[in-house]
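Visitor: below: sequence and its predicted model.
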Amino acid sequence: LGLYLIHYSTRLTAPFTIPAATLYIGVLVLGFKRRILSVLRIILGFSAQLLCVVLSAAAGWAAWQAALLINPAYKLMPEGQTYNSAFYQICFVAIAVSVSSAVYGWASKIGIENLTIGSLLLWLALLALITLFLPGGTYLFLWPLVFSLSGLALRITKKGWVSSWKLLVSSCLFAVPAMILLVPMVYWVFVGLPLQTGGAVSAFVVLLLGSLLPLLQFIIERSVKPLALSSLAVAVSLFLYASLTAKFDQNHPRPSTLFYTLNSDTGAAAWATTDNPPDEWTSKFFSQRGTNAVPLKEFFPFSRGSFLASPATAIRMPHSNVELVDSAPSNGGRSLSFHVSPARPVALASIYISSKAGIAAAYINGSRISLAGSSIGDGQEQKWKLRFYAIPTAGLDLKLEMKGSDALLMTVVDQSYGLEEVLGSSAVER
């Protein structure tokens, strides 16, 4: 927090989650005894929060689809961001606030306590899932949940504080962990994910608002309709402004994609692009006669996409060397050891392997790596892909434990940035 990093072992996530669940049950029992909570109203509160999440996510997704219809060129932007992405980001947040305000205003009839405990039930369910599958992220849900439950317990115990300054102060204090942990996370989700995930971010904002319901009570009970309408007006205004000011110009140039491919086995070279059609700059590298949409399978063996490609002049370019260091029988299959060494600085080295024999285990520089999500089976052969960024000049050692002795096809593709090596510095300028 601030200049301090509070950390603890992931082995403590389950021991922390269990007391959080116990605290939730304790607040339920307290609310039932005080006749403030009821099962039916809690279910309605949970349903209202779930409805907020679904509607906000759907509205955020629909807004981005509308943005793509207005500006199809957004699909060209790298990493799914736009020059004016900040306006869309605030728009998605405003959508979540508008939807949540409207639903909370309708559901507030069941009582703010029932609405809050129902909303926190969704938090508890997400905490349980994250504890099982992503324990490193439990802190985002654990501590806001614990403090929100504690504040709710105090609220139920001190029912006489309703509409008093004590209630406002206590609500603010118990909301601090959620504000500290989740507000920055909304921003970092926007930084790390493309705008097309704006619906998911809107849903995340709804979860934050659900934990702040006791604090938001003062707005919900007095001016929820103006808040919902004003938030909607902000969302629509930002959306229109962002969409109408998104044209490419001298200060906001259209992105261009151009890469040079060289097959070191055959010596064949080509210019290729994902732009269709090519813009004014990239079109200089493509002749109408020789340009075709091709899959470039020798460089992207497992890809189903196509690229516009045109023949190019081959140049002498150093390429990575692959050496078979050892091959020996192992557990009914084969153990293969390779050394991959780059001949020039390589930003990304992609290794594609196809074989009827599956891969039982893989090791990089002696360390076993997970095969989850890296293998593809089409019924006839197994395909495996490895991407290694910033490969060291000394190269890397790759060891494969194969399940059988069938033949293996390996393709290594080097990728580096900059066209000066091919064109010269003057020709690269746009």
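Guide: Cool, the structure landed.
Visitor: helices of the chain, start to end?
Guide: In the chain, the helices defined using DSSP state H lie at 13-33, 39-70, 85-107, 112-133, 139-157, 165-192, 198-211, 213-244, 420-423, 425-428.
Visitor: would you single out the least confident of these?
Guide: Here the lowest mean pLDDT among the helices of the chain goes to helix 425-428, at a mean of 51.
Visitor: so where is the stretch 201-350 of the chain shaky, pLDDT-wise?
Guide: 287-291 (pLDDT under 70).
Visitor: before we move on, the earlier item: can you redo the helices of the chain as CSV with mean neighbour count?
Guide: Just so you know, the C-beta spots here come from the backbone N, C-alpha and C atoms, and that holds for glycine as well. Listed next are those as CSV, based on neighbours: other C-beta atoms under 10 Å:
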stretch, mean neighbour count
helix 13-33, 15
helix 39-70, 19
helix 85-107, 23
helix 112-133, 20
helix 139-157, 20
helix 165-192, 15
helix 198-211, 24
helix 213-244, 17
helix 420-423, 14
helix 425-428, 10
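Visitor: distance to Ile6 for the ones you listed - can I get that in TSV?
Guide: Below are those laid out as TSV (distance: least, C-beta to C-beta, whole Å):
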stretch	distance to Ile6
helix 13-33	13
helix 39-70	28
helix 85-107	27
helix 112-133	18
helix 139-157	9
helix 165-192	11
helix 198-211	19
helix 213-244	23
helix 420-423	47
helix 425-428	48
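Visitor: of all the ones you listed, which one comes closest to Ser337?
Guide: helix 420-423 (31.8 Å; C-beta to C-beta).
Visitor: OK, contacts around Leu336?
Guide: Leu336 makes contacts with 324, 326-327, 399-400, 402, 408, as judged by C-beta atoms under 8 Å, 6 or more residues apart in numbering.
Visitor: now do 7 Å
Guide: 327, 400, 402 (C-beta atoms under 7 Å, 6 or more residues apart in numbering).
Visitor: the second one: neighbouring residues, count only.
Guide: A total of 21 residues lie near Leu400 under the criterion other C-beta atoms under 10 Å.
Visitor: that one is in contact with Ala362, isn't it?
Guide: Yes - if you go by C-beta atoms under 7 Å, Leu400 and Ala362 touch, sitting 5.6 Å apart.
Visitor: list residues touching both of these two?
Guide: Common neighbours of Leu400 and Ala362 (C-beta under 7 Å, 6+ apart) do not exist.
Visitor: list phi and psi for Lys247.
Guide: phi -70, psi 150 (degrees, to the nearest 10).
Visitor: if I look at it, how far off is Ile112?
Guide: Distance of Lys247 to Ile112, computed by C-beta to C-beta, to the nearest Å: 47 Å.
Visitor: Thr273 against Thr261, yeah?
Guide: No - Thr273 is beyond contact range of Thr261, at 11.0 Å (criterion: C-beta under 7 Å).
Visitor: between these two, point out the one with more neighbours.
Guide: Per other C-beta under 10 Å, whichever of Thr273 and Thr261 has more neighbours is Thr273, with 21 against 17.
Visitor: and that one, how far from Leu181?
Guide: When Thr273 is compared with Leu181 (using C-beta to C-beta), they lie 43 Å apart.
Visitor: Phe204 too?
Guide: For Phe204, the distance to Leu181 equals 12 Å [C-beta to C-beta].
Visitor: now Leu208
Guide: Taking C-beta to C-beta, one finds Leu208 at 9 Å from Leu181.
Visitor: ok, Val322 next?
Guide: Separation of Val322 from Leu181 (C-beta to C-beta): 46 Å.
Visitor: repeat for Ala67
Guide: Remark: distance between Ala67 and Leu181 (C-beta to C-beta) = 29 Å.
Visitor: then Asp406?
Guide: According to C-beta to C-beta, Asp406 stands 51 Å off from Leu181.
Visitor: wait, doesn't Ser243 sit right on Ile70?
Guide: Yes - contact criterion C-beta under 7 Å: Ser243 and Ile70 qualify, at 4.6 Å.
Visitor: pLDDT at the most centrally placed residue in the chain, what is it?
Guide: Ranked by distance to the mean C-alpha position of the chain (C-alpha atoms, centre = their mean), the top residue is Leu193 at 4.5 Å. Looking at Leu193, its pLDDT stands at 80.
Visitor: for Glu401, same thing?
Guide: In this model, Glu401 is scored at 91, pLDDT.
Visitor: around it, how many other residues sit close by?
Guide: Glu401: 17 neighbours (other C-beta under 10 Å).
Visitor: Asn365 too?
Guide: Neighbour count of Asn365, defined by other C-beta under 10 Å: 12.
Visitor: swap in Lys75?
Guide: Other residues within reach of Lys75, judged by other C-beta under 10 Å, total 10.
Visitor: and for Ile364?
Guide: When neighbours are counted by other C-beta under 10 Å, Ile364 registers 14.
Visitor: from Pro301, how far out is it?
Guide: Ile364 is 20 Å from Pro301, where distance means C-beta to C-beta.
Visitor: list the contacts of the residue nearest to Ile391 when sequence neighbours are not counted.
Guide: Excluding the flanking residues, the one nearest Ile391 by C-beta to C-beta, 6 or more residues apart in numbering is Ala349, at 4.7 Å. Applying C-beta under 7 Å, 6+ apart to Ala349 gives the contacts 320, 340, 342, 388, 391, 412, 414.
Visitor: who touches the spatially closest residue to the first one that is not a sequence neighbour in this structure?
Guide: Spelled out, that is Ser320. Of all residues not flanking Ser320 in the chain, Pro342 sits nearest, at 4.9 Å (C-beta to C-beta, 6+ apart). Contact analysis of Pro342 by C-beta under 7 Å, 6+ apart lists 320, 349, 391, 393, 395, 414.
Visitor: can you give me phi and psi for Pro342?
Guide: As for Pro342, its main-chain torsions (degrees, to the nearest 10) stand at phi -80, psi 150.
Visitor: so Val346 sits against Tyr417, correct?
Guide: No - look at Val346 against Tyr417 with C-beta under 7 Å: they stay out of range, at 10.1 Å.
Visitor: neighbour count winner among the two?
Guide: Val346 (22 against 8).
Visitor: mind checking how far that one is from Tyr260?
Guide: Val346 sits at a distance of 15 Å from Tyr260 (criterion: C-beta to C-beta).
Visitor: ok, Ser211 next?
Guide: According to C-beta to C-beta, Ser211 and Tyr260 sit 52 Å apart.
Visitor: what does Ser100 give?
Guide: Taking C-beta to C-beta, one finds Ser100 at 50 Å from Tyr260.
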